[in-house]
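Student: Test case, fold it:
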Amino acid sequence: MKILIVEDNEKLAKSIKKGLEQEGYAVDYLLDGEAGQSRIENNPKGYDLVILDLMLPKRDGLTVCKNWRNQNVLLPVLMLTARDTTEDKIIGLDSGADDYLIKPFSFDELTARIRALLRRPKAVVPIKLNLHNIILDSVSRKVTYFDVEIPLTLKEYSLLEYFMRHSGQVLNREQIIESLWDFAFDSFSNIVDVHVKNLRKKFAKNNGKKLFETIHGVGYRFKA
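Tutor: Model (predicted):
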């Protein structure tokens, strides 16, 4: 899952980014509301969730969120604010935010709120994926293959989940990098090929069938 943080306190933004990356998310951050609004409007499917501060330079979080919703951008928004009155919460939620977190907050609470928001569209995003004897549980992050648990790195897990959620689709390397790495990552890197090679080794037993197909000159496809 890929998350955008829009927060003008750069120290806080970097701290959240570092913590979420250790949890396996790909994370970008921006420091003002205008840049945040533009990033999402230019690529509405580029992120799975936005952490949006209320008080931002150039454009406040309420305005940004309202503008997204007016343009039918429906991705989950977790709003951060130091304001803790009931009225302020109502205003934030009425602007289109999906949840509201008061500063200061614990990182554990933040991640719990994120997991809850990402689980909401269960009909569209199932919690458990089951393909070709691979069972991936997105809550426990446990992966089994022929009933044997397979140890994966955070990036291997994220890449496998991405492939399974897009099974049968041809995915180019740029798409994969944009979804699983941050905005500044070098798109010419061979990091995707390295991770696919590692996944192939770990999921080799499938009666000779290739699960991760190479589409020459384009990218990869996970067998549907």
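Student: Please tell me how far Leu75 sits from Ile51.
Tutor: Taking C-beta to C-beta, to the nearest Å as the measure, Leu75 falls 11 Å from Ile51. Just so you know, the C-beta spots here come from the backbone N, C-alpha and C atoms, and that holds for glycine as well.
Student: Neighbour count: those two, which is higher?
Tutor: Ile51 (27 against 16; other C-beta atoms under 10 Å).
Student: What's opposite the more buried one in the beta bridge?
Tutor: Beta bridges link Ile51 to Ile5, Leu78, judged by DSSP bridges.
Student: Correct me if wrong: it contacts Leu12.
Tutor: No - at 10.2 Å, Ile51 and Leu12 do not qualify as touching, with contact defined as C-beta atoms under 8 Å.
Student: hey, what's in contact with both of these two?
Tutor: Any residue near both Ile51 and Leu12 by C-beta atoms under 8 Å, 6 or more residues apart in numbering counts here, and not one turns up.
Student: All the strands of this protein, residue numbers only.
Tutor: Listed in chain order, the strands found in the chain under DSSP state E are 2-6, 26-30, 49-53, 77-81, 99-102, 128-131, 134-137, 142-145, 148-149, 170-172, 212-215, 219-222.
Student: CSV please, covering the ones you listed and showing distance to Thr111.
Tutor: Rendered in CSV, the data for the strands of the chain read as follows (distance: least, C-beta to C-beta, whole Å):
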stretch, distance to Thr111
strand 2-6, 11
strand 26-30, 12
strand 49-53, 11
strand 77-81, 11
strand 99-102, 11
strand 128-131, 20
strand 134-137, 17
strand 142-145, 17
strand 148-149, 23
strand 170-172, 27
strand 212-215, 29
strand 219-222, 27
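Student: any chance of these in JSON lines, plus mean pLDDT and distance to Glu109?
Tutor: Formatted as JSON lines, the entries for these read as follows, by pLDDT from 0 to 100; distance: least, C-beta to C-beta, whole Å:
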{"stretch": "strand 2-6", "mean pLDDT": "95", "distance to Glu109": "16"}
{"stretch": "strand 26-30", "mean pLDDT": "94", "distance to Glu109": "17"}
{"stretch": "strand 49-53", "mean pLDDT": "96", "distance to Glu109": "13"}
{"stretch": "strand 77-81", "mean pLDDT": "92", "distance to Glu109": "11"}
{"stretch": "strand 99-102", "mean pLDDT": "90", "distance to Glu109": "7"}
{"stretch": "strand 128-131", "mean pLDDT": "87", "distance to Glu109": "25"}
{"stretch": "strand 134-137", "mean pLDDT": "92", "distance to Glu109": "23"}
{"stretch": "strand 142-145", "mean pLDDT": "93", "distance to Glu109": "23"}
{"stretch": "strand 148-149", "mean pLDDT": "93", "distance to Glu109": "29"}
{"stretch": "strand 170-172", "mean pLDDT": "89", "distance to Glu109": "34"}
{"stretch": "strand 212-215", "mean pLDDT": "91", "distance to Glu109": "37"}
{"stretch": "strand 219-222", "mean pLDDT": "91", "distance to Glu109": "34"}
